[in-house]
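[1] fold the following, please.
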Amino acid sequence: MNRVSFFTLLIIMLTMFSSCSENRETKNTEVVKKETKVVSPKTQTKKKIAYIVTDSRIPFWAIMGRGVQSGADSLGYELEIYSAENSTKKELELSVKAIKDEVSGIIVSPSTSSACVTILKLAKGANIPVVISDIGTDGGEYVSYISSNNREGAYEIGKLLAKKMADLGWNNGRVGIVAIPQKRLNGQARTAGFMQAMDEANIKGADIKQLVTWSEEETYTFCKEMIESYPDLRAIWLQTSNGYNGALRAITESGKKNELLLMAFDAEPEFLDLIPTGVLAGSAMQQPYLMGQEAIKAMDLYLSGKDVPKSIQLPILPISTENIAEKLPIIKRDVLGI
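    Model prediction:
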């Protein structure tokens, strides 16, 4: 099928896009071997890679983009970064654009696991290889999946929170969760791991609210509602990092600054000050800069005709007051991309 007619087919497929089931894990340890027919000589010569990211306005994704860029620069690839700004529709339009530009490969951090299935179908039809960096997919063909052990990371930060609550004599208190969308495989894994730690410590849950706009104001509203609805609330866990100021504002306004613990997931540069001073009890930190570098390395291996691990899973760092000084060099380099 020539490029023109395939592009027409892409537009038709966009109108047929629908959500898929979110229940399958994207884990596999088999090795993928590149077939010489997959990437045409023309696209190989261009050596241009597209990175399609759900929203580069969020620091985590911006840092991952810098990791991809760093790897692309060192390996000699031209990189174009497309931010979908948390819009599934725009994400698909950017996927079509990358395919129309005949890139050599696509790295994608999709908005949802179901949306990724459609992106993979479009790329497959154009014989363009795809590496997934975080979030995951419900199905489809891809070269490699770079991920973090979300369940284990959430479990470890949950155990850390349970210990802090026990030390303060707050075992009978509740914990509320401000969650990332549970349509995402990583969101499901974070909730499952954290709840396992809470169950083991016999700590009751309060509410769980899912982010939609990912804004500081939305996080503030969710936290305020939980504080008002649950008098025995003793901790709030944010499944992301960028809305932390909203959570701190809600806690301060409630007058319960010394009665509530705040935990997070991922990291902001300010966490380097907030955790040592106890304003933030801790955070489970992924390593987005390293993930971005691993993603471009996997793509380079594939385009070079070498074997590529189907799944590359990186550890998450449970950080608290007790270990932040020791882990600081890793946090600065692989977590914050400094």
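[2] burial count for the closest residue in space to I330 that isn't next to it in sequence?
    Closest residue to I330 apart from its sequence neighbours, by C-beta to C-beta, 6 or more residues apart in numbering: L317 at 6.9 Å. Backbone N, C-alpha and C define where each C-beta goes, glycine included. Residue neighbour count, defined by other C-beta atoms under 10 Å, stands at 22 for L317.
[3] all strands for the stretch 101-250 of the chain, in order.
    For the stretch 101-250 of the chain, strands defined by DSSP state E, counting those that start in this stretch occupy the ranges 105-109, 130-133, 144-148, 174-179, 204-210, 233-238.
[4] out of those, which comes closest to L301?
    strand 144-148 (8.3 Å; C-beta to C-beta).
[5] any idea of the mean pLDDT for that closest one?
    Across strand 144-148, pLDDT averages out at 94.
[6] give me the contacts around that strand.
    With contact meaning C-beta atoms under 8 Å, 6 or more residues apart in numbering, strand 144-148 is reached by 26-28, 32, 131-134, 136-137, 186, 286-287, 291, 294-295, 298-299, 302, 308-316.
[7] ok so, going back, of the strands of the stretch 101-250 of the chain, which approaches S95 most closely?
    The closest approach between S95 and any of the strands of the stretch 101-250 of the chain, judged by C-beta to C-beta, belongs to strand 105-109 at 7.4 Å.
[8] which ones are touching the residue nearest to I330?
    Contacts of L317 by C-beta under 8 Å, 6+ apart are G153, A284, M285, Q287, K327, I330, I331, V335.
[9] what about A295, distance to I146?
    Remark: distance between A295 and I146 (C-beta to C-beta, to the nearest Å) = 5 Å.
[10] of those two, which one has the most company?
    Neighbours were counted for A295 and for I146 using other C-beta under 10 Å; A295 has more, 29 against 25.
[11] just the buried ones from the contacts of strand 144-148, in ChimeraX syntax?
    The buried subset of the contacts of strand 144-148, as determined by 16 or more other C-beta atoms under 10 Å, is captured in ChimeraX by this line:
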select :26,32,131,132,133,134,136,137,186,286,287,291,294,295,298,299,302,308,309,310,311,312,314,316
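[12] among the contacts of strand 144-148, name the ones in strands.
    V32, V131, I132, S133, V308, P309, S311, I312, Q313, L314 (DSSP state E).
[13] thinking again about what came up before, how about the strands of the stretch 101-250 of the chain in JSON lines, adding distance to L280?
    Converted to JSON lines, the strands of the stretch 101-250 of the chain look like this (distance: least, C-beta to C-beta, whole Å):
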{"stretch": "strand 105-109", "distance to L280": "25"}
{"stretch": "strand 130-133", "distance to L280": "26"}
{"stretch": "strand 144-148", "distance to L280": "20"}
{"stretch": "strand 174-179", "distance to L280": "14"}
{"stretch": "strand 204-210", "distance to L280": "19"}
{"stretch": "strand 233-238", "distance to L280": "10"}
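[14] in the stretch 51-200 of the chain, what spans have low per-residue confidence?
    Regions of the stretch 51-200 of the chain meeting the criterion pLDDT under 70 are absent.
[15] if we use 90, what do you get?
    Filtered on pLDDT under 90, the stretch 51-200 of the chain yields the residue ranges 57-60, 86, 111-113, 134-136, 183-186.
[16] the helices in it, which residues?
    59-75, 88-100, 113-125, 150-167, 185-200 (DSSP state H, counting those that start in this stretch).
[17] save these as TSV, and put in distance to I236 too.
    Formatted as TSV, these follow (distance: least, C-beta to C-beta, whole Å):
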stretch	distance to I236
helix 59-75	19
helix 88-100	28
helix 113-125	26
helix 150-167	10
helix 185-200	12
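[18] re earlier: closest to L238 out of the ones in strands among the contacts of strand 144-148?
    Sorting the ones in strands among the contacts of strand 144-148 by distance to L238 puts L314 at the head of the list, at 20.7 Å, by C-beta to C-beta.
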